[in-house]
Structures are given as structure tokens and as C-alpha cells.
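[1] can't give you the sequence, but here's the structure:
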């Protein structure tokens, strides 16, 4: 990697984001702002790689994602029937405001007493989000033909989506959580997507209070000292690794139920990507690491909350830091600037190939096995991630393998 | 000594006596009466037919499980002329040490009480009762002192008392001496290098290989043979199938045997409940609700110890912080459960007594304090925390925890000669280390890092909070499977063996502790297996 000119340099994560003024880079880990400004003017040679697709926002902006999913669902219903289309029912009823205000009001009135959540289309990290139960709370977004041209120009409201709030989230010990899962897409046409085994569950921090702990407790035992040290971060305690969550759910509900749950989660990834497949401008230079936010409800149904194009890579703890480093390392292995992979791999480090222009199965599909009914998907979300071992075997120092 | 026959009859008589008082007995009686209406019950073969009916309807199995449970909690058989304290602990010097230790704990509890001017128990005013009822499911959100009479008590430095910290416990054990033992034969190669200097019997590796044969290299294990690269057909699928069968059959004894090779994650909750014969019948739920009512009505001084412990240990743990509320719900009820007093017949400890003000020493005015006779200490909540992973119904969780406490955990903080007791575990650990890793032991001793100083805290908690949850549950599978805590000592030695290379390099206690500070990546079953079955003897 160091031999080539890169836009990055070895930093705490191994590689860091940096912009080069003269555009001479082989690998660019850029932010979406840079992409927007520079992508169209950049000439990229064959081997060059960049970490976003030109119009990724079709998937990652809340209003566009919903628009694409709704359209995809309609197509599916027309072509394959209602049952097939119902597999897309993993996102709550959503309306863009103010453009779909009237449609929203119809739905709102159909379910009296329901709670809705308003989210700004383009912001992140929970900024600007609020809940409401009465129409008067969102009067600003009312699409009203009676307003004059000037009025509309002056008071331009920000685009929001109104979404049915999931009122029965799955709780662990009374606390709500959501899941962060990483999906790497290296191509949209044909669709090739990888699922990372690690991820985490983020618990709401409202129930967790460390304010009562003070220095007096330091004197008790060594264990207490470690945990109450000056650098202790209360936020750190609010995450569970995906493996932990999966084990917990399996212990509570049994293996079969939870395997079915994770299968439903796989379905979310595949269908959401399929819904934008025809819209995204495919480019062999592009790859993208998405951070999916999933919420479980009490019936163990997973819901898609949103997809992030630039998932946070800052670490909240040592464990988190290591996980994210490995995630980045494995992402780079798959992007494979060095040309070490054959292109036929089903697993690279912590990534499992989930979709390759069709479902990918753990078992080898050949003429003999084709008749058999039990194929299992090649996904291992929340399973053991023995990536080091796998990488050692995969990247054995053999005479150079050419990419197919 | 009694002969085997007499011993058996005595045991049977005791068990029958105990079971006669249970709800199960009245249920079976009722079933027997009601089945008389059934066509297959003939007068000529009444006894036989009723028996067959009870067998077919699963009641015989329930009775078997109940008997099996009683066998687990039987005091040691002793001579009819022996005084009752022999059932608690046969060795006099151990009893004495336990009594002295209890005296100190009680003294500090009382002085805490007097100094802080807080009563041992107080009735809650109606307003507070109502508030607590509403907040029952989220006590974790409040300040720990909120529900106690003294707001500041939880932050009080004086809670750093002998009753509270475990470092004091190890001191008690280290100073134990058998007055009948002639230790004048000094410093030879055969003398014990460790801190525990009592001549208790323990098992060596060849004996343990026989006892723990299911853990051998050639037997399939969960924690080893369910690893990713091992095809599930080799062991895991079959083992899971058998596990499902055991759960369907509802057989306690089979479940215990099965657990020796580990419980599959999806079946563990049911299997453990079966092994412990923890039911969740209406009467169990009612019992729990009564305890909860007790918590609402009265506030106990020891509640502060619980709040403090939970906030300091479980709440700080990456895995268990989520379960904070459950821990309060279990531990506060536990303190008020007088059914726990039963286990003192085979526990060397004696429940502390408290006297109504002004009537100290007058037995009529004595009450056991706390009601369950167990004073919580720092780290106590870690016995409960891993169980929260398996059970989310408070009454079920409570039932399982209580049974685990009266079978195993109590032995980790009382002075006794039991093979599962903390004294034996410490000795076992030291002996294993000295016999099989003498160089390491000697080196650590020389640099002032006696191994027990590091391993003690692991063993007192049965490794809870030190291992990752899945590994801890695999370890506790075996504790249940073998009905003994001995495996905890074996694991402690195995951990030292695993990190021996690094430990040989250290030159101080602090650096030794640093090498052994993080056990969260350890895989327990391979370590135990290698230590027991691959060590050269």
C-alpha cells in the first residue's frame, strides 16, 4: 500500500482521510462533501478506488430511500404478487413533508392515537428529530396551495419525513436499543454485497446513571478502581457487541427463532440494495461501506430505520476501536488494490459475501446439490469472527494471483 | 459410623418428611384421588394402576426431580449422637473460625448502624411505598440512597468495612490453622508453599481425570467442539438433539449428566431450571410477590449494601449493566426470604441475630437479620448477573438464583471443610499449581506475588465478571453438571498455566496482576481440558 501514492497515510486507524490538492491519488477515502464537489471533475484511472458512489444519497437520504423502496415494492407487487411484495414491509409508513402532506394526513387519521416521528431528511446523529401525536405539531410542514409565491419562498421549510413510530420496540431489561450493521457494496450492476459479522447494539443511555459514583468508592477494591478511573467513559457501557446480543436473544428465544430473525435482517439488506440498483450510477471505481440502523420490535420483527453512507468510525472504547480497525482493514482487503484475491472468495476476514448477482449460499451449489432443498445463506451476523485465521489462510504468500 | 443401610433409611425418612410438607405432595395426592374415576383404574390392582397413571401423566417424574433436588441439599450424614453443628461443619477449628469471623462482621454492621444513626429496619411511609411500587421496574434510574433511610449512606466511606470487602475474607482463610496438626516438620520439598495452611484432603489430577471423564480429550464438548471450523455433524447437532429430548422428558438427573458436556445456548435456560428443579408454578410466583411486598413495606439497612454493590460492580460491567433493575428486584427480595434459612443446616455459617432494642441477649426478642440470614457483600450481585442473561421473568430468575445460592454460592464465602468450600478451592488451586507448575509457583512466591492473591477474587465470584458471558455460562454448566465448585479451582490453575510464560518474566505483584488482569478473551473449556488431560504427570 505504501508503494502507491495514496490519499491516506498510516494514522491511528492505519489509514486516514486526507484530501490531496492535485488529485493524484490511487485510493480515496473521502467524505460526501468532497465527493459532491469533485467526483464529476475527476478523471480516474482503471485501478483507482473511491469510497462512495456518485449518487449514494438515493439510499442514504431518508426521503429518497423511502421513495425508492415504495417504488420497488410496487414493481414487485405488479410482477410477482402480493406475498413477494410484502417482503418489503420492513420500513414503517413514511411520508415526505411537505410534498406528501395530504397523503400523510389520510394515513394519520386512519390510525388515531398513533405516535409519529419527524426526521430531517439530510441531517444525522439524531439532530432535529422529534415525536408528535397531534397534527398541530407539524403545521409548518402543511402543504397549502393558498400560500402566495413570496410566502413560500421566504419560509422555506426543511424537508422532513414523517414516519410511524415503532411503539413496541424489543426491550432488554426495560431498555431500548438499535442495531448497527455494516454492509459493503463493491458493485451495483451486478449487485455484489458483503455483510460484516461484527456490529453492535446501542442501548439508550437514559437509564444508565453513574452520577452517584464518586471518589470515595475508589478505596474499596481494585475492580472498583479500574472502573471509576478518571478516564472512564459512562457512554462506553451502552453498547453490546453483536455476538453478545445474538447469544442473549438465542438464550431467550431459542436457536430457530433467532436464525429466522437474522434471515429477516438479511432480507432487509438485499431488498434495500435492490430497490436502488437501477438508480445508482454504477462505477467500477466505487465501493461503499454502509452503516445500517435496524430496530427490533417485541414480535422480533426487524425494521429498517436508516442507511448511513459515512458510518461513524470514531471509537467509544478499546473494543470498539479494535472492531472498527478490523472493519476497515477487511474493507481494504476486499477493495483489493493489491490484486491478491481471485474474485471467487465467499469470505474475506470478517466479511461474508451475501449477494453476488444472486443469493450466496454456504454450501457449494453444483449439479449434485442443486436438487437439495436446504441451502443456508452465507451470512454470519453476530457469529464468531475468527478473521485473523481466515485471512492468514486466504492471503498465503503464493505466486501472484491475477484478478479475473 | 452408621452402616450404609441405616444411613439410607435415615436419608429416605428425612426426604419423605421434607416432601410431605410441599405443594407437590398435595398435588400428587389430589391427582391420585381424581384418577380413581378413570376407567383404567381397577379396584383389584388399585395401587399398581394409580402408580402407572402417575407415571404416564408425568407426576412420577416430578416427584423424582423433587427427590433428586432434596438429595442435593441434604446435610452430610452424621452419627445420630452428633450435635447439629456437625452437620453444618464437622471440624471444630473451622467452626470456630467461622464464628469469629461472623462476630466481626456483625460488630461492624452494628457499629455502622449506631454511628450513622440508622435503624436495621424501618417501615416505609405510605407515600414512599406507593412510589416504590410504581418505580419497581426501574429502580436503576434512581440514586442508590433514594429508597433508604439515609440518603448519604451509600456514599459513606464507612461502608468499607470488614463485612463488605472481600480482601478481608482472604485474610481469614490465610490465618486458618488446625490446632491438631503438627507442622513442626518444617520447610521441606513436601511442605506447602501457598497461603492456605490447613491439611484438607483434595484430589490430584489422576483422580480428577476419572471424576471429570466427560471433559476428556476424546469426548465432545460445547465450548470446544462447537467451534466454527468443526462440522456440526461431528458433535453439536447430536448433542443438541439429545438436549431437546432431555428437556421434553423433564428429567433432572439426565439434565445434570447432560450439562457436563455443556448446554446449547437455546436450551440452557430450560436445562438449568430442570437441574435445579426450579419451577415457576403459581405458588412460586406468589412467594415472589410476597417477598416483593416485603420490600415495599420495609426498608432494611442491608439494602444499602445491595444498592452500593450493584452500582459498583454490575452497573460498571459492559455485559451486565443492562440488568441493573433485575438485580435489585432479585437481591432485595432475596434478603427477605426466610426460606433461605433452611440451608443453614448444612452451611457452616449461622444467621446473625438481632435483638429488639433494649433486649439484647433475650432470645424471645431475637430476630434473624437480615431475614434470610445472608449479609450481602461487595460483588454479591455478580452471582445473579449472569443468570439475567437466561431468564427475564423476575420470579423465575429469582427461583433459579436462590437455588444456585443454597447449593453452591454460599460455600464461596463461609469457612468450611467442604470440597466445594472456598478454603478447599484455594488449597486445591495452590496444590495444583505447586505440583504441576513448581517453577512458576516458586518464582511468583519469590517476587512477593503469591498466586492466591490474584486468583482468590476469581474463585470467590466463580469467575463472574472476569470471563466473557458465554464462557462463564459454559463453566457454570459444569458446576451444575458435576454438582461441585471444584472446577473453579481447576480453571484458576489452568489460567496460570496458560499465561505461565509471561508470568515467569514478571518481577512484581503488580506486573503479575497486570498479566492476569484481562481474562475476557479466554476460552475456558480448552484450558480446563488441557490442564486436566494433557498435563504430564
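    The structure has been received and is ready for your questions. Computed from a predicted structure; not experimentally measured.
[2] how about the strands in the stretch 301-450 of chain B?
    For the stretch 301-450 of chain B, the strands defined by DSSP state E, counting those that start in this stretch occupy B:353-355, B:366-368.
[3] chain A is nearest to which of those?
    strand B:353-355 (25.2 Å; CB to the nearest CB). To be clear about C-beta, it is placed using only N, CA and C from the backbone, and glycine gets the same treatment.
[4] shouldn't residue A:108 be in contact with residue A:116?
    Yes. The criterion here is CB atoms under 8 Å, and residue A:108 meets it with residue A:116 at 7.1 Å.
[5] what about the two, which has more around it?
    residue A:116 (25 against 21; other CB atoms under 10 Å in any protein chain shown).
[6] closest residue of the stretch 301-450 of chain B to chain A?
    Across the stretch 301-450 of chain B, the shortest distance to chain A (CB to the nearest CB) belongs to residue B:316, at 3.9 Å.
[7] for that residue, give its distance to residue B:221.
    32 Å (CB to CB, to the nearest Å).
[8] any idea which helix is longest in chain A?
    helix A:255-276 (DSSP state H).
[9] could you check the angle the following helix or strand past that one makes with helix A:255-276?
    As assigned by DSSP states H and E, the chain's next helix or strand after helix A:255-276 is strand A:288-296. Angle, strand A:288-296 to helix A:255-276, by axes from the mean of the first three to the mean of the last three CA atoms, to 10 degrees: 130 degrees.
[10] touching chain B at all, strand A:288-296?
    No. For strand A:288-296, no contact with chain B is found by CB under 8 Å from any CB of the partner chain; the gap never falls below 14.5 Å.
[11] what residues of stretch A:351-358 count as buried?
    Neighbour-count burial for stretch A:351-358, counted by 16 or more other CB atoms under 10 Å in any protein chain shown, picks out A:351, A:352, A:353, A:354, A:355, A:356.
[12] among those residues, which one lies nearest to chain B?
    Out of the buried residues of stretch A:351-358, the member with the shortest distance to chain B (by CB to the nearest CB) is residue A:352, at 11.9 Å.
[13] now do the SS call for the closest one.
    In three-state terms, and counting by DSSP: H, G, I helix; E, B strand; the rest coil, residue A:352 is strand.
[14] report the closest residue of the stretch 151-300 of chain B relative to chain A.
    Sorted by distance to chain A under CB to the nearest CB, the residues of the stretch 151-300 of chain B start with residue B:266, at 3.9 Å.
[15] as TSV, the strands of the stretch 301-450 of chain B with distance to residue B:460 would be great.
    What follows is these, written out as TSV (distance: least, CB to CB, whole Å):
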stretch	distance to residue B:460
strand B:353-355	25
strand B:366-368	24
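[16] need the ones you listed in JSON lines (columns: mean pLDDT, distance to chain A and mean neighbour count).
    Conversion of those to JSON lines gives the following (pLDDT from 0 to 100; distance: least, CB to the nearest CB, whole Å; neighbours: other CB atoms under 10 Å in any protein chain shown):
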{"stretch": "strand B:353-355", "mean pLDDT": "74", "distance to chain A": "25", "mean neighbour count": "17"}
{"stretch": "strand B:366-368", "mean pLDDT": "80", "distance to chain A": "27", "mean neighbour count": "15"}
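[17] what about residue B:221, how many residues nearby?
    The number of residues near residue B:221, taken as other CB under 10 Å, comes to 23.
[18] tell me which residues touch it, please.
    Going by CB atoms under 8 Å, 6 or more residues apart in numbering or on different chains, residue B:221 touches B:215, B:235, B:261, B:262, B:525, B:529.
[19] now, which of those residues sits nearest residue A:275?
    Nearest to residue A:275 among those: residue B:235, at 42.1 Å, using CB to CB.
[20] quick one, grab the pLDDT at the closest one.
    If you check residue B:235, the pLDDT there is 87.
[21] leaving out chain neighbours, which residue sits closest to it?
    residue B:220 (3.4 Å; CB to CB, 6 or more residues apart in numbering or on different chains).
[22] spell out which parts of the stretch 201-350 of chain B neighbour chain A.
    B:227-228, B:240, B:264-269, B:311-313, B:315-319, B:321-326.
[23] now with 10 Å?
    By CB under 10 Å from any CB of the partner chain, the part of the stretch 201-350 of chain B that sits against chain A consists of B:226-229, B:240, B:244, B:263-270, B:307-309, B:311-313, B:315-327.
[24] quick one: whichever strand or helix holds residue B:453 near chain A?
    Residue B:453 is part of helix B:451-460 when elements are defined by DSSP H and E. Yes. Judged by CB under 10 Å from any CB, helix B:451-460 comes into contact with chain A at residue B:457.
[25] and the helix or strand following that helix, average pLDDT?
    For helix B:451-460, the following helix or strand on the C-terminal side (DSSP H and E) is helix B:469-482. Across helix B:469-482, pLDDT averages out at 95.
[26] by contact count, what packs against helix B:469-482?
    For helix B:469-482, the elements it packs on are helix A:242-253, helix B:252-259, helix B:268-275, helix B:385-388, helix B:394-407, helix B:486-498, helix B:524-533, judged by 3 or more CB pairs under 10 Å, 6 or more residues apart in numbering or on different chains; DSSP states H and E.
[27] tell me where chain A has strands.
    Secondary structure of chain A (DSSP state E): strands at A:27-28, A:49-50, A:94-97, A:116-120, A:130-132, A:160-164, A:171-172, A:175-187, A:192-203, A:239-241, A:288-296, A:302-308, A:347-348, A:351-356.
[28] now those strands in TSV, with mean pLDDT?
    Supplementary listing: the strands of chain A in TSV, determined by pLDDT from 0 to 100:
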stretch	mean pLDDT
strand A:27-28	78
strand A:49-50	85
strand A:94-97	89
strand A:116-120	84
strand A:130-132	78
strand A:160-164	88
strand A:171-172	84
strand A:175-187	90
strand A:192-203	92
strand A:239-241	87
strand A:288-296	93
strand A:302-308	92
strand A:347-348	93
strand A:351-356	94
